[in-house]
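Trainee: Give the three-dimensional model of this entry:
(chains A and B)
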Amino acid sequence: MTTTATGRLFDDVGTARSAEEQMATDVAMLEAVADGASPALRLYEWSPPALSLGRFQPLADVDEEACDRAGVEVVRRPTGGRALLHGGDLTYAVAIPRPAGPAGSVDAVYCRLAAPLIAGLAQLGVHASVARHDGRATGPVCFTSMQGADLRVGERKLCGSAQVRRGGAVLQHGSVLLRRLPVDEVALLHLRPGEDAQLARDQLRHRTVTLEELGAAVTAGAVAEALVDGLRSTLDMDFR
Amino acid sequence: MDFPEQLRYSTEHEWVAVDGVRARVGVTDFAQDALGDVVYVELPDVGLSVLAGSSCAEVESTKSVSEIYAPVSGVVVEVNETLVDTPEYVNQEPYGNGWIFAVEMSDPSEVDALLDAAGYRALVEEG
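Mentor: Sure thing, here's the model as predicted:
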């Protein structure tokens, strides 16, 4: 017999929060699940735009003055990975107890959560699949490399994801690209020696795709609804 | 998957090599495989007092950050600085050059509560 667990749903699309508050809310969600609360899913947008850095990414990667000039907040995520510009995306944060044994591995949890995300995107007419694994990421920009955690359409990345594991719980962040922002993400970062700014811009442009470019619905609310439906239909968990 | 007989294991997938009151700690072969490619290790400070079960280090693998717990109580007396430049040792040699820190134990009897190799193997195989 299959039992369906009930999780908590926080639809924060349209709720104004600073970037710091967004991350603090997700960490609180992770800690609550680690303390025994039921799984939780939160969906939100970023306004004003923000550049999030991975948990251990050097702050020296960021040109903070350029961020100030562009009106972009800078925040550190609790999750791994590299820098990511938010504002044209819908972010999901899902916190679940870490499954025991092999089902709790990083890849297994990504895989488990990829299916509902793919199902949700399919409702929008978008046929995404799990990305190939590029191996260790080197540059500072998240979206220029693909990992097994990411979702792609064709060969272009539509959704990047990252995890943190604490106290028996897992928090996974994911960012679904809705539209491109009129902000030069590469100019917000200090590139490393040997990295070429124009090449990085070209890579970002050619290795990523947005729902708008795919001709799909681009309102955050519609995408959030589709992702929640995907989770309900494919995961043994009903978020309410 | 390798689980050396001479080590003891925590349910959080750390291994412990005991030498008197000193315990060297790392993550198991199972754990490194579950984490994926390790790209960064946040080492504890030497001198840090730790309680068994408390978080004292973090490992970033490709797109994930995971806490590492102290399997025994005591004071951190040594950390593996080579992981700063070569974090991949955690994947390549989890029981050798991938060790993370060493603790001078305050209560060596805590080791008795850890799993032996057979017990740990059963834990990971039964899920």
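
Trainee: Now for B:S54: which residues touch it?
Mentor: B:Y69, B:A70 (CB atoms under 8 Å, 6 or more residues apart in numbering or on different chains). In this view, the C-beta of every residue, glycine as well, is placed from N, C-alpha and C.

Trainee: cutoff 6 Å now
Mentor: B:A70 (CB atoms under 6 Å, 6 or more residues apart in numbering or on different chains).

Trainee: interface residues of chain B facing chain A?
Mentor: Contacts of chain B with chain A, taken as CB under 6 Å from any CB of the partner chain, map to B:34-37, B:39-40, B:60, B:62-67, B:127.

Trainee: Buried members of the residues you listed into PyMOL, please.
Mentor: PyMOL command restricting the residues of chain B next to chain A to the buried ones, with burial defined by 16 or more other CB atoms under 10 Å in any protein chain shown:
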select buried, chain B and resi 34+35+36+37+39+40+60+62+63+64+65+66+67
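
Trainee: Among the residues of chain B next to chain A, which ones are in strands?
Mentor: B:V39, B:Y40, B:E60, B:S64, B:V65, B:S66, B:E67 (DSSP state E).

Trainee: Make CSV out of those and add distance to B:G53 and pLDDT.
Mentor: As requested, those are exported to CSV (distance: CB to CB, whole Å; pLDDT from 0 to 100):
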residue, distance to B:G53, pLDDT
B:V39, 26, 93
B:Y40, 23, 95
B:E60, 22, 95
B:S64, 21, 91
B:V65, 19, 95
B:S66, 15, 95
B:E67, 11, 94
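
Trainee: beta partners for the spatially most central residue of chain A?
Mentor: The residue lying closest to the centre of chain A (CA atoms, centre = their mean) is A:G174, at 1.9 Å. For A:G174, the beta-bridge assignment (DSSP bridges) gives partners A:Y92, A:S161.

Trainee: C-alpha coordinates for stretch A:121-132, CSV please?
Mentor: In CSV, the C-alpha atoms belonging to stretch A:121-132 read as follows (Å, rounded to 0.1, in the frame of the first residue of the first chain):
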residue,chain,number,x,y,z
LEU,A,121,7.4,21.8,-16.7
ALA,A,122,5.6,19.4,-19.1
GLN,A,123,2.3,20.9,-18.0
LEU,A,124,3.7,24.2,-19.5
GLY,A,125,4.5,22.4,-22.7
VAL,A,126,8.3,22.3,-21.9
HIS,A,127,10.1,19.0,-22.3
ALA,A,128,13.0,19.1,-19.9
SER,A,129,15.4,16.3,-18.9
VAL,A,130,18.2,15.8,-16.4
ALA,A,131,21.4,17.4,-17.5
ARG,A,132,24.6,15.5,-18.1
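
Trainee: Pull up the gap between the most far-flung residue of chain B relative to its centre and A:A197, please.
Mentor: Here the centre of chain B is the reference, and by CA atoms, centre = their mean the most remote residue is B:E126, at 20.9 Å. Distance of B:E126 to A:A197, given as CB to CB, to the nearest Å: 52 Å.

Trainee: If we only consider the ones in strands among the residues of chain B next to chain A, which is nearest to A:S161?
Mentor: B:S64 (9.6 Å; CB to CB).

Trainee: got the contact list for that closest one?
Mentor: A:G80, A:V106, A:Q163.

Trainee: From A:D89, how far out is it?
Mentor: From B:S64 to A:D89 the distance is 20 Å (CB to CB).
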